[in-house]
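> requesting a structural model of the entry that follows:
(2 chains)
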Amino acid sequence: MVLLRLAWGGVWRRPLQSLFFIVGVSIGVAMIIAIDLANSSANRAFTLSTDAVVGKATHQIVGGPSGVEEGVYLRIRRELGYRNSAPIIEGYVKVKSLDGQPMRLLGVESFAERPFREELGTAKMTGLNQTSFSAFMAEPNTALIGANVSDEYRLAIGESLEIQVGSYHHKLRIVDVIASEDRRIRRSLKDLLVTDIATAQEVFDRIGKLERIDLILPDDPSNTVALKRIESVLPPGARIESSDARRGAVIEMTKAFRLNLTALSLLALVVGMFLIYNTVSFSVIQRRAVIGRLRAIGMTRREVFAMILAEAAVLGVAGALLGVGLGIVLSRGAIGMVTTSINDLFFVSNVSEIDITSLTLLKGVLLGIVAAAIGALIPAYEATRVSPVSTLQRSAIESRTRRSLRWISIGGVAALSLGASMLLPEWHLGLTFLGVLAVLVGVALLTPAFMRGCAALAGTRWLRRRLPILGNMAIRDIDRALSRTSTAVAALMIAVSVIVGVSVMIGSFRMTVERWLTDLLGADIFISPPAIANSQMGSRLDPDALKLFETFPGIAQVATARSVEVDADGMGRITLSAITRDIAGEKRHYKSAVGNHAETWNAFQAGGLIVNEPLATRYQRSIGDTIILLTDKGENPFEIVGVAYDYDVRPGVMMSDAVYRSYWDDPHLSSAALFVKLGVDVDEKIVELKSVLAGKLDLIIRSNRALRANALGVFDRTFSIFVALQMLSAVVAFIGVLSALMSLQLERTREIGALRSIGITRGQLAKLTLLETGLMGAIAGVIAMPTGLVLATILIYIINLRSFGWTLQMQLQPSQFSLAFVVALISALLASIYPAWRMGQMQPAEALRTE
Amino acid sequence: MNKLLTFFATIILALAVSAHVNGDTRRQNITDILSGDSEGAFARAIEAMKFVFPKDHGPHPDYKIEWWYYTGNLKSDGGREFGYQLTIFRRALAADMPVRKSRLATNQIYMAHFALTDVRARTHTSFERYSRGAGGLAGARGEPTYEVWLEDWSVSQDSGSIFRLRAVDDQIDPRFAIDLNLRETRLPLLHGEQGLSQKGPERGNANHYYSLVGLDTKGTITSGGEEYHVSGKSWMDHEFGTSALSKGVVGWDWFGLQLDDGTALMFGRLRVGEGGDLGIFEGTISYADGRQIPIQPGDFTVTATGSWNSPETGITYPSGWQVHFPSLDIELHIEPLVPNQELFSGFTYWEGAVSVEGKIGGQTSKGRGYVELTGYER
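All right, here's what the predicted structure looks like:
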């Protein structure tokens, strides 16, 4: 109790530092919680929406890009009498009446639904009367919506929803609403439109096809018999997939992306830990005398230790709790960014709610408290190790720091080599991130030695003579207080190096992508149907539109692409683009290929695949290897003839259009690229095309510039969350430095008194303070530059390659480095303004009296 | 028979409840449901039609409701006795069907019941199914040969006068199945006025209704996992129309009996309130020599001789009857072969195999048949 009171008193005596401590912990915790909440909410949204549509299905029959023939369902029902089967057509549609948000349209056969989506079925049917059901079944363009959606948007039965599927618009009449007592179901209804299977076939223009057939197979040995029976009626292009595999694939797809976010949020905590360490060690150092006296009057080491830790705990808990609140607030922004990125990169999703799980909050709070405890442990240990007498000597700790400098440096080298050894082998991505942390810690531990070295250099007679008196004083001051100055410098250095590393990585990435896009988008005009998200696959270009383009005056050539998802053996679903010609032409750069450009193209035409780099990296495939794809004619091996640079997050392949059509029964096209005739103005052509199509067909017609801008827009959106994290790291670091420098200067009251009394003016004193902090900032900046470079190298060549399989060219811009240096310097100088002002105010006598 | 008319009236609600909630026994008020129907655009049975077979064994989708009702009393080579019921119902949700692109779009829905009574084991096992009447999942046709099916439950005309019936539900319980060949031996029984069977006093409140009786049946029955070679007699009812139950009707009793001397009888009554009778129900008696005589409710009296209380639903049904046709000199005693032959999946009713014995024109006769009882839950 006494200890706690002492600790509490300690907190209140230094309100500003306590505040910094709390802010530092809370920002660290908030970032972790925000990212974790965003990640877990996205995950939960995927799982929930997958659950809602997968229902109790244990397996699914899935087909190629065009789906499964509806006749397969008939055979399963009539020939096999297998009734635990339900046909499904689903897809995302854009609903104008619901603020243009994407809704999942689920086409069901109500009579087959009971074993699968009972809750949804019950909820749906409870209030359904004959007229509604009759309209739902027999009439075209009818749908059911969730009661919560109808309430929110004030949509009554009988009203229509305007939906958009690619280029086409439909009006769905609401024939009834679905209500449910179950919160989970209500939630899944929030982004669901339910239609009859026939209506869904019509809306998606998939007459005669099914998206999949859900199955419930018995969970016993008869399972294999049932599987075999069902497989016996499947056409070559269809296969049975387990629901777990399907659920897993959704989560798996985004795993690397989410892990990268988590790693960044952890980095924030590490920066926060430095801040905590700083704060606690200063509070200990400031109270060395007090601690000495307490020891002298009989307080045991253990009690002192406990007191310091209790103080840290009080502040840690306060910071962590504040961090929880802040984290929840931040998570609203984070979820938006995460969802946007997932929609851009992976698949269409609608994450509308944040799931605040106590586990996430607890994890954040615990991490915050543990970080605070670790940060406090070392100073607490130091404070108790020394004898009561030596705590009263101010120089003791410094001389010890000097003695242990060698060990700290050895520790630094050890951490660096540990980090390097964790980075080099291709282990789990999580370990790779730990390796990055180890490298940062290593550099931080080497910081005191570096500073010592600088001081020693400055201390050489030759230099000393050439430096002004204040400069020499500043250097010696920093050197003398190495235990404190080095932590402040290390914290600032880490923050700045993270800024440098991440911005170099993003800058390099962006430039690489920009160049790649410039080469890739060789055509002049690009045309595609409107998509709900950049990641949406399988949308169709109207065949009439293609005819129009081919005969349009001024158009020299038309290239088309069909973009679909296909099953690849051992890889799950990958993207496939079937192209009529390579719009990049000679400018396509292969990482490796069977021959020169023409030879590769010939091999491609002859049935070879060009795979993207993410695929080649993730699945370790190279030229000459084969990939077995599930075609509509059954499994077929395709040889890899080229590995192309690509910055998609998903593994994908390119195939010649003719080859695709011969293996897949899919007559559709996804997009077209037009080459204009020589001398034709592209922008004018676009205007002409748009005016011809206006009011007839909804198509996105863009120049290659606009398309490139769009792609880069996706890029920038994706990285906005990284930039946000980077900014927050900087804030934490700044606060850390502020708190460290302030403490450092305030502690020197007596020294300042002495200096003032021997004739140093206020101005000189302020100058000294600014000089000292400026020097520290500069040192941090100097160390941060190579460290940031190392970090960027790791991010570019190890993390990105392993996470996504991208080869990026590192692009160094001097501005990034000079900016980092300036940031370090300015934050250090800003931090010294208040102490400098305070010291200037102090009367020498008063300053001396403090002791 | 006016039997499953209400079933079809309630099918929508049954869909609402039973197709989606397993074991929900919520029951609907029949009259409420019927009064809400707007049936203007459906075809109506106003005049007797000339049946042409096998075409008219097939569907008549212009009418709102239609059913094919097969029941039979069979015996194994070892003397084990069985009763079976395979019923397929069609219902049009709306009179008009918009032109749709999807082949799965339809206004026709189908329901089927399959039940098996194993007299020695004293068991009655029943199954229920629904399907849309599109995409080949469920449907019926009359030409070139007759067929009606709901997925793998089917009745198909193999050749000329042979119909094959097959039903089993592999997932729910594969231990019960039928695979039977039914051979036509007699002319169809046309009920009412040349097959126009009045269901109420209103004009057009009638169905087209005929039966095939004396269907010689051979095949296999699987009961409790054991397969039995069986033979016996079956009865087929085919009825379609756009009729509705008259106000006040609470349920009906239907009797279809086949006696060893070749006599077949179909009669019944529509019950109104407590013990009342609507007085409209057009039955038929068919003698071995081919004579067919219509039966009106006033022609006979039915007295229940016992009752049975369902442990499953708590409903008390009559069980055993004494039937007297004074003008035809017929006196019959009917007894269920097994007391519990209640179906309670989507709808709750009693439909079971019965034994019959008594005197027809002074001659002692016995036989088998099926009885259907509805509306006893009140």
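> phi, psi for A:N43 please.
Taking degrees, to the nearest 10, you get phi -60, psi -50 for the backbone angles of A:N43.
> how deep is it tucked in, by neighbour count?
Using other CB atoms under 10 Å in any protein chain shown, A:N43 has 18 neighbouring residues. Quick note: C-beta positions are derived from backbone N, CA and C, even for glycine.
> surely it meets A:I251?
Yes. With contacts counted by CB atoms under 8 Å, A:N43 reaches A:I251, the gap being 6.3 Å.
> from A:R212, how far off is the closest residue to A:M571 other than its chain neighbours?
Counting by CB to CB, 6 or more residues apart in numbering or on different chains, A:Y619 is the residue found nearest to A:M571 once chain neighbours are left out, at 5.7 Å. Taking CB to CB, to the nearest Å as the measure, A:Y619 falls 25 Å from A:R212.
> tell me which of these two has more neighbours.
Set A:Y619 next to A:R212 and count neighbours by other CB under 10 Å: A:R212 wins out with 24 against 16.
> got a pLDDT number for the more buried one?
pLDDT recorded at A:R212 is 93.
> chain center to stretch A:811-824: distance?
Per CA atoms, centre = their mean, to the nearest Å, the displacement of stretch A:811-824 from the mean C-alpha position of its chain is 24 Å.
> other residues contacting it?
With CB atoms under 8 Å, 6 or more residues apart in numbering or on different chains as the test, stretch A:811-824 has contacts from A:492-493, A:496-497, A:499-500, A:503-504, A:507-508, A:511-512, A:730, A:777-778, A:780-782, A:784-785, A:788-789.
> narrow those residues to just the buried residues.
A:492-493, A:496-497, A:499-500, A:503-504, A:507-508, A:512, A:730, A:777-778, A:780-782, A:784-785, A:788-789 (16 or more other CB atoms under 10 Å in any protein chain shown).
> so for B:G375, what's the nearest residue that isn't a sequence neighbour?
Closest residue to B:G375 apart from its sequence neighbours, by CB to CB, 6+ apart: B:G251 at 1.6 Å.
> can you count the residues close to that neighbour?
By other CB under 10 Å, 19 other residues sit near B:G251.
> please report phi then psi for it.
According to degrees, to the nearest 10, B:G251 has phi 170, psi -170.
> quick check: beta-bridge partners of it?
Beta-bridge partners for B:G251, by DSSP bridges, are B:R271.
> how about the contacts made by it?
So, once contact is read as CB under 8 Å, 6+ apart, B:G251 ends up touching B:L270, B:R271, B:L373, B:T374, B:G375, B:Y376, B:R378.
> mind redoing it with 6 Å?
B:R271, B:T374, B:G375 (CB atoms under 6 Å, 6 or more residues apart in numbering or on different chains).
> top of these by neighbour count?
When the contacts of B:G251 are compared by neighbour count (other CB under 10 Å), B:T374 ends up highest, at 24 neighbours.
> whichever residue of the stretch 701-850 of chain A sits closest to chain B: how many residues sit nearby?
Closest contact between the stretch 701-850 of chain A and chain B, by CB to the nearest CB, is at A:I701 (28.4 Å). Neighbourhood size, A:I701 [other CB under 10 Å]: 20.
> helix or strand for it, which one?
strand A:700-703 (DSSP states H and E).
> quick check: A:N343 touching A:N534?
No. Between A:N343 and A:N534 there is no contact under CB atoms under 6 Å: 7.0 Å.
> what about the residue of the stretch 451-600 of chain A found nearest chain B, neighbour count?
As assessed by CB to the nearest CB, chain B sits closest to A:R540 within the stretch 451-600 of chain A, at 15.6 Å. When neighbours are counted by other CB under 10 Å, A:R540 registers 20.
> doesn't it lie inside a strand?
No. A:R540 is assigned coil when assessed by DSSP: H, G, I helix; E, B strand; the rest coil, not a strand.
> show me what contacts it?
Applying CB under 6 Å, 6+ apart to A:R540 gives the contacts A:G166, A:H668.
> now A:S331
Neighbour list for A:S331: A:A34, A:L37, A:A38, A:I354 [criterion: CB under 6 Å, 6+ apart].
> quick one: the residue lying closest to B:K199 once chain neighbours are set aside from chain A, how far?
Take B:K199 and drop its neighbours on the chain: the residue closest to it by CB to CB, 6+ apart is B:S243, 4.1 Å away. Separation of B:S243 from chain A (CB to the nearest CB, to the nearest Å): 17 Å.
> can I take it that B:S243 is in a strand?
No. B:S243 is assigned coil when assessed by three-state DSSP, not a strand.
> these two touch, right, it and B:N205?
Yes. Assessed by CB under 6 Å, B:S243 is found in contact with B:N205 at 4.9 Å.
> enumerate the residues of chain A near chain B.
Residues of chain A lying close to chain B by CB under 6 Å from any CB of the partner chain are A:74, A:77-78, A:81, A:83-84, A:111, A:114, A:121-122, A:125, A:128, A:130, A:133-134, A:137-140, A:197-198, A:201-202, A:207.
> take those and keep only those in helices.
Among those, the members found in helices (DSSP state H) are A:74, A:77-78, A:121-122, A:125, A:130, A:133-134, A:137-138, A:197-198, A:201-202.
> on that earlier part again, give me the contact list for the strand holding A:I701.
For strand A:700-703, contacts defined as CB under 6 Å, 6+ apart pick out A:F526, A:I527, A:S528, A:P530, A:V682, A:I686, A:L689, A:K690.
> average pLDDT across that strand?
Computed over strand A:700-703, the mean pLDDT rounds to 90.
> and the next helix or strand past that strand?
As assigned by DSSP H and E, the chain's next helix or strand after strand A:700-703 is helix A:704-747.
> find the least confident helix or strand in chain B, judged by mean pLDDT.
Ranking every helix and strand in chain B by mean pLDDT, DSSP states H and E puts helix B:30-35 at the bottom, with a mean of 33.
> any idea which residue sits dead centre in chain B?
Relative to the mean C-alpha position of chain B, the nearest C-alpha, by CA atoms, centre = their mean, is the one of B:Y69, at 4.2 Å.
> partners of that residue in the sheet?
Assessed by DSSP bridges, B:Y69 has beta-bridge partners B:T87, B:D237.
> wait, it touches B:E239, no?
No. Using CB under 6 Å, B:Y69 is not in contact with B:E239, being 7.5 Å away.
> where does the stretch 1-150 of chain B dip in pLDDT?
Applying pLDDT under 70 to the stretch 1-150 of chain B picks out residues B:1-40.
> what segments of it are strands?
Along the stretch 1-150 of chain B, counting by DSSP state E, counting those that start in this stretch, strands occupy B:65-76, B:81-92, B:108-118, B:123-132, B:138-141, B:147-150.
> for A:V62, which non-adjacent residue is spatially closest?
Distances taken as CB to CB, 6+ apart place A:R212 nearest to A:V62, at 4.8 Å, with adjacent residues excluded.
> correct me, but the one you found touches A:P87?
No. Using CB under 6 Å, A:R212 is not in contact with A:P87; the gap is 7.9 Å.
> so what touches stretch A:670-679?
Applying CB under 6 Å, 6+ apart, the contact partners of stretch A:670-679 are A:523-528, A:549, A:554-563, A:583, A:682, A:685.
> what does stretch B:115-123 give?
Identification of contacts with stretch B:115-123 by CB under 6 Å, 6+ apart yields B:80-85, B:124-126, B:176, B:223, B:337-338, B:341, B:353.
> how much space between the residue lying closest to B:Q363 once chain neighbours are set aside and chain A?
Computed as CB to CB, 6+ apart, the closest residue to B:Q363 that is not its neighbour in sequence is B:D261, at 6.8 Å. Distance, B:D261 to chain A, by CB to the nearest CB: 40 Å.
> next one: B:D261 from B:T364, what distance?
Taking CB to CB as the measure, B:D261 falls 9 Å from B:T364.
> more neighbours, these two?
A direct count of neighbours by other CB under 10 Å for B:D261 and B:T364 places B:D261 higher, at 14 against 10.
> and the more buried one, how far from A:R302?
109 Å.
> so where's the stretch 751-851 of chain A shaky on pLDDT?
The model of the stretch 751-851 of chain A has pLDDT under 70 over residues A:842-851.
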